[in-house]
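Enquirer: fold the following.
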Amino acid sequence: MFQVEVSYIIVGIVNILVLFLFLKVFLFQRVGAVIEKRQNTIKTSLQEAEDRKTEAEQLKENYENDISKARDQAAVIMKEARKMAEIEYGRILDEARAEAARTLEESRKMIALEQKKSVEMAKTEIADVALLAAAKVIGRNVNDKTNRQFLGEFLKEVGAEK
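Expert: As a prediction, the model looks like this:
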């Protein structure tokens, strides 16, 4: 039947050991080195990705802080601008009121002056008409100085009666 020879078994074992050593030296070491190199590359890539992620998060946080500060500054600037606008509005309004008051006062003074001039003119014209009427009634014309003197007395009497 089947006969087993020890020499074949020993040769088979030696062949397997030689093949194993050959594969170990030429294949397993090189494959192991490639695998180790690949693992190192992956670890490096993962570490770089993690570093970039951390850096990106830090940049995002800085950006959000900057935006928050900018919003705060904008709010302060807007508040100051509103305050200054209100102050300027009040100043302009006060100036306009003061100008209106001055204009009103000047108008009142001018009206009073014009009224006084009108009264004086009316008195002069009334006096002239009265002198003319008196001269016609008396039938003679006295000198201008005497006329003025009579007129002054007449106006005093008329003014005293009022």
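Enquirer: got a list of contacts for stretch 25-35?
Expert: Taking contacts as CB atoms under 8 Å, 6 or more residues apart in numbering, no residue outside stretch 25-35 touches it. For the C-beta atoms, the positions are set from N, CA and C on the backbone; glycine is no exception.
Enquirer: element containing I42?
Expert: In this structure, I42 sits in helix 29-138 according to DSSP states H and E.
Enquirer: centre of the chain versus that helix, how much separation?
Expert: 7 Å (CA atoms, centre = their mean, to the nearest Å).
Enquirer: same question for stretch 57-70, mean pLDDT?
Expert: Here stretch 57-70 scores 95 as its mean pLDDT.
Enquirer: from L27, how far off is the spatially most central residue of the chain?
Expert: Taking CA atoms, centre = their mean, the centroid of the chain lies closest to M78, which sits 4.4 Å from it. Computed with CB to CB, to the nearest Å, the distance linking M78 and L27 is 74 Å.
Enquirer: average pLDDT across stretch 20-38?
Expert: pLDDT averaged over stretch 20-38 gives 88.
Enquirer: so what would you say the end-to-end distance of it is?
Expert: 24 Å (CA to CA, to the nearest Å).
Enquirer: give me the low-pLDDT residue ranges for this protein?
Expert: 1-2, 131, 133-144, 147, 151, 154-155, 157-162 (pLDDT under 70).
Enquirer: please identify the helix or strand for Q3.
Expert: Short version: Q3 belongs to no helix or strand, going by DSSP H and E.
Enquirer: what about it, neighbour count?
Expert: 5 (other CB atoms under 10 Å).
Enquirer: report the contact partners of it.
Expert: Contacts of Q3 by CB under 8 Å, 6+ apart: none found.
Enquirer: for D128, see how far away it is.
Expert: Counting by CB to CB, the gap from Q3 to D128 is 177 Å.
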